[in-house]
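Engineer: A predicted structure for the sequence below; I have some questions about it.
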Amino acid sequence: MNASFLAKVVRILIYATAIVPLIIFAQYISPFHFGKAVIFRPLIEILIAVYVPLAIVDASYRPRMHAFTWAMLAFTAVFGIATATSIVPWASFWGSLERMGGFFSFLHFAAFVLIVSAVLRERAHWTFFLNLLVAGGILSAFYGFGQKLPVCTPGSSGICALSSWFIGGGGRERIFGTIGNAALFAGYQISVVSLALALWVRGGAKLWEERLYKAMVVLGTLAVVMTVVRGSLLGIGIGAFLFTAGMWWKFRERWSRNALASVSVIALLTGLLISVPALKDSALVQSSRFMRRLTDTSFDSYTAKTRFWAWEAGITGWKESPKTIMLGWGPENFNIPFAQHFNPQFFRGYGSETFFDRAHNMFVEVLVTMGLVGLGSYLALFATLFWALYRIAQRDDASWKMAWALGSGTVAYMIHNAFIFDTTANWLLFFAIFSFVAWERFGVGAVESKPANASWAAPVAGVLLGIIACVLIWNTAVIPAKANRAITWGIVYGWNDDFPTAVSEFKKGIAYNTHGVYEYRHRFAQFLLDNVSRYAPLGVPFTDAMIYATEAVEENKIKNPHDYLPYLYLSRLYVTLGKEDPLSPWNDKALESAKAALTLSETFIRTYYEIGQAYINKNDFEAGVSWFKKAAELNPDVAVSYWYVGAVELERNNKQVAMDYFEEAFNRGYVGTELDYNRVVPLYSEFKNYDRLVQIFEELVKIQPTDAQYRVSLSAAYASAGRIDDALQAAREAVKINPELIDEARAFARSLGREL
């Protein structure tokens, strides 16, 4: 086999990985992460099948053993050990559908580093590859800018028509480019900016390359700013200060002095905006959502608190045993200690962010899931990088500039990672830079070929690895893609009210029993639970689908007995099935599942609601109320807990008690559904609480703005509360909706001594 030809093929495959951050699988669940992983992994598998024969026929292409190699192998080994000893090994190995992480994916990054470092042996190879990565960063930034374009209407032209090309667009406040999450996108852009800056200041680039690098620095920085991710802005700000200060200290060039002054002024102005109340609260700042978010650095904000609570839960779980201290709970399993030590303050009502499958801090994430050994090996990657940059900087001024830029960028990236985590695109950029620095430190210079006498071994290895790659691609990329597509179509058919086809597609996706099936079963259950009122009238077909969903989620319970989510889904499914019959065995199953969930997360408030509802189904109102009250005790600020108690007391005809709890719910900011409000209208009418009736009917009008009867009721409530002008205005609006009410409205106005 010809080594030169194989080396060219390997390089082409390496270059192809540069497009991975741009890949979006639009019609799939997790479109911004799923597609990147199922393209990157097959690329690496094909790459291995070509690279191994190359390494056999020419020993000079075999991995070089140096500090970078050992650091990467050490972290990979610890990753593998943590997976093998994980509380849920399959989750640690395959990762979740949403993030597409896990040991299986990371093995591909390890192979990527080893192969790239061995095969890209000339500066021209590296320049071409890095230029592709920089160009990809620019395209991703432009994609993000496109997400700011206005929303289109059918048949629009010009800029508005252009906006339809950008998934997640429509005048977004925070852009996320091709990465799918503002924070992840910011981290990706930080990496590309630091790379482009390093290539620019190193010098020696062609004119078009220099323009490419400058464009990336400007556009990438602007993209990070437009994400308004405060941790990322802090990171890039500190990185920019380090870079400009270092360049001025070392070279005293005018441009670096001016750049340092500009960065300092921006930092000063930002600091003033944040710290001076008169500026922070000014009309200019408060009128801009961008400026309000940028200047909101309070640790008392709900978003900031959720991060601290998540870290606290994870670290509390990490300290649980010697095993978790040393090797953690297992990669991709942060959700388990998080649930066990769940802070009830997370829950503020339905829609609250109560599920953290990642720590939103890469260092805490690695510590909790891979222990001290994992964190040590992870930090060793950065230590190796900084050490190599230090040695590179000693060569000459051009190398110093490049190394300082990459070092400053790495500091920015680490600060950013203290508030988020890595996914496929972020890992790719980090390890590309990692491999480039390894080559700069150990690989510069001519490499002599070392042909080996392996006339038969190379083709045999190529054929065998090719077969293995085909099997892997089919089972870990093609089949998962088919399953994902089926589930997506199930959701789409559900939106279009085609229930039989939706269920068929969900079943098809689940039947593949491939990567993601754990989430697909839950997706199906959620689809049914979200559409009970819409599809329950179908009768048997809906009931059959519900029973199938319980069987599917039971599989999840068996597969991961440490995760409370399957138990919670089962309890809600069983509660729904048993709602019409107090003697139904479904209610007993609901209690069994919910109480099992409670053993895994004792402070998760929604579990208390499921138990309470199951008892209500059984007509055991006393027990039901007690569980809703326990939920209120866990977090007294949650309004819905009081509402549930009030609803049960109203069912028991304890009207005054019910009124007290409803009032508590309203006073704590409860916002209900149309059914909720209509349920309490007779009670508030009986108690002549007209001010609250006004509030209730105002909410009903918001929910159903074209319902004339709600306007009529609101008008009457205003009149009873003594708000005559408002009563007349509501009556006029009712007439606008339904002109047939004109005579009734005029009579109503006269009864108030007015004319309509």
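Structural biologist: Done, it's in.
Engineer: C-alpha from now on. contacts and neighbour counts both.
Structural biologist: Will do.
Engineer: name the residues of the longest helix that the chain contains that are buried.
Structural biologist: What stands out as the longest helix in the chain, according to DSSP state H, is helix 362-393. Residues 362-378, 380-382, 384-386, 388-390, 392-393 are the ones in helix 362-393 that count as buried (16 or more other C-alpha atoms under 10 Å).
Engineer: distance of Asn475 from Tyr520?
Structural biologist: Taking C-alpha to C-alpha, to the nearest Å as the measure, Asn475 falls 17 Å from Tyr520.
Engineer: more crowded one of those two?
Structural biologist: Taking other C-alpha atoms under 10 Å, Asn475 and Tyr520 do not tie; Tyr520 has more neighbours (26 against 14).
Engineer: how many neighbours does the nearest residue to that one once chain neighbours are set aside have?
Structural biologist: Closest residue to Tyr520 apart from its sequence neighbours, by C-alpha to C-alpha, 6 or more residues apart in numbering: Ile510 at 6.3 Å. If you count neighbours by other C-alpha under 10 Å, Ile510 ends up with 23.
Engineer: same check, this time on Asn2
Structural biologist: Other residues lying near Asn2 total 10 when counted by other C-alpha under 10 Å.
Engineer: check contacts around the residue nearest to Tyr520.
Structural biologist: Ala483, Ile487, Val517, Tyr520, Arg521 (C-alpha atoms under 8 Å, 6 or more residues apart in numbering).
Engineer: may I see the buried residues of the helix or strand harbouring the fourth one?
Structural biologist: I take that to be Tyr520. Element membership of Tyr520 [criterion: DSSP states H and E] is helix 517-530. If you call a residue buried by 16+ other C-alpha under 10 Å, then helix 517-530 has these buried ones: Val517, Tyr518, Glu519, Tyr520, Arg521, His522, Arg523, Phe524, Ala525, Phe527, Leu528, Leu529.
Engineer: and the helices in the stretch 601-750 of the chain?
Structural biologist: 605-617, 621-634, 639-651, 655-667, 674-686, 690-703, 708-720, 724-737, 742-751 (DSSP state H, counting those that start in this stretch).
Engineer: which stretches of the stretch 101-250 of the chain have low pLDDT?
Structural biologist: 151-164, 168-171 (pLDDT under 70).
Engineer: okay, strands next: where are they in it?
Structural biologist: Counting by DSSP state E, counting those that start in this stretch, the stretch 101-250 of the chain has no strands at all.
Engineer: which stretches in it count as helices?
Structural biologist: Counting by DSSP H, counting those that start in this stretch, the helices of the stretch 101-250 of the chain are 103-119, 123-146, 159-162, 182-202, 207-227, 230-251.
Engineer: which one, of those helices, ends up nearest to Tyr608?
Structural biologist: Of all these, it is helix 182-202 that lies closest to Tyr608, at 33.4 Å by C-alpha to C-alpha.
Engineer: for Ile487, see how far away Phe142 is.
Structural biologist: Distance from Phe142 to Ile487, by C-alpha to C-alpha: 31 Å.
Engineer: these two: who's more crowded?
Structural biologist: Ile487 (28 against 16).
Engineer: show me what the helix or strand hosting the more buried one is in contact with.
Structural biologist: For Ile487, the host element (DSSP H and E) is helix 479-495. Applying C-alpha under 8 Å, 6+ apart, the contact partners of helix 479-495 are 27-29, 38, 499, 501-506, 508-510, 512, 514-516, 520, 527.
Engineer: give the PyMOL command for selecting the buried subset of these.
Structural biologist: Of those, the buried ones go into a single PyMOL selection, burial set by 16+ other C-alpha under 10 Å:
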select buried, resi 28+29+38+499+501+502+503+504+505+506+508+509+510+512+514+515+516+520+527
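Engineer: just the ones of the contacts of helix 479-495 in helices?
Structural biologist: 38, 499, 501-506, 508-510, 520, 527.
Engineer: need the residues you listed in CSV (columns: pLDDT and distance to Val694).
Structural biologist: Formatted as CSV, the ones in helices among the contacts of helix 479-495 follow (pLDDT from 0 to 100; distance: C-alpha to C-alpha, whole Å):
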residue, pLDDT, distance to Val694
Val38, 95, 55
Phe499, 95, 39
Thr501, 97, 44
Ala502, 96, 41
Val503, 96, 42
Ser504, 97, 46
Glu505, 97, 46
Phe506, 97, 44
Lys508, 97, 49
Gly509, 97, 48
Ile510, 97, 48
Tyr520, 97, 44
Phe527, 96, 35
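Engineer: quick check, nearest of those to Ala91?
Structural biologist: Within these, proximity to Ala91 (C-alpha to C-alpha) peaks at Tyr520, which comes in at 14.4 Å.
Engineer: Ile487 versus the closest one, what's the distance?
Structural biologist: 7 Å.
Engineer: need the residues touching each of the two.
Structural biologist: By C-alpha under 8 Å, 6+ apart, the residues touching both Tyr520 and Ile487 are Phe506, Gly509, Ile510.
Engineer: Thr324: which of those is nearest?
Structural biologist: Ile510 (32.9 Å).
Engineer: I'd like to know how far that closest one sits from Ala59.
Structural biologist: For Ile510 relative to Ala59 (C-alpha to C-alpha), the value is 46 Å.
Engineer: what are the phi and psi values at the residue most central in space within the chain?
Structural biologist: With distances taken as C-alpha atoms, centre = their mean, Asn181 lies nearest the centre of the chain, 6.3 Å away. Per-residue torsions, Asn181: phi -150, psi 130 (degrees, to the nearest 10).
Engineer: helix or strand right after the longest helix of the chain?
Structural biologist: helix 397-417.
Engineer: next SSE after that next one?
Structural biologist: Criterion used, DSSP H and E; the element after helix 397-417 is helix 424-438.
Engineer: state the phi and psi torsions of Pro451.
Structural biologist: phi -60, psi 140.
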